[in-house]
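S.K.: Predicted model and sequence below, questions to follow.
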Amino acid sequence: MEYLIEFILELVVEGGLEVTKSNKIPKPIRYIILGIIALLFIAVIGLIYLTAFLILKESIIGFILIFLLATFMLISAIIKFKKEYLKKINNK
């Protein structure tokens, strides 16, 4: 079951990212797909932040570790998105 979910999510995310780079697909569809992928990443990072704040009552060290993990993921996602966006602009 784990492999099936991983395969489906990888197909959706990687396929979606490739579709957003294609000029053959109309812009509104590319923007919708990009928005869905961005919302997926925001939801996952948001759940990690929520987990960090829920664990705050029980363990400060756990809170700090999970909070740092979520912050690292957020910064990495922003850098990756910015790098891909600037690469696409420079190619034009």
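M.R.: All right, it came through fine. Numbers count the residues shown, from 1 in each chain.
S.K.: ok, how many other residues are close to residue 69?
M.R.: Neighbours of residue 69 under the rule other Cβ atoms under 10 Å: 15. Any C-beta I mention is one placed from the backbone N, CA and C, and that applies to glycine too.
S.K.: Quick check: residue 7 vs residue 15, distance?
M.R.: Distance of residue 7 to residue 15, given as Cβ to Cβ, to the nearest Å: 11 Å.
S.K.: ranges for the helices of the protein?
M.R.: With helices called from DSSP state H, the chain shows them at 2-21, 27-55, 60-91.
S.K.: could those helices be laid out in TSV, adding mean pLDDT?
M.R.: Below are those laid out as TSV (pLDDT from 0 to 100):
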stretch	mean pLDDT
helix 2-21	81
helix 27-55	90
helix 60-91	85
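S.K.: mind checking how far residue 59 is from residue 65?
M.R.: Residue 59 is 9 Å from residue 65, by Cβ to Cβ.
S.K.: pLDDT wise, what is the residue of the chain most remote from its centre at?
M.R.: Distance from the centre of the chain peaks at residue 58, with 28.1 Å (Cα atoms, centre = their mean). Residue 58 is assigned 91 on the pLDDT scale.
S.K.: Return the residues in contact with it.
M.R.: By Cβ atoms under 8 Å, 6 or more residues apart in numbering, the contact set of residue 58 is empty.
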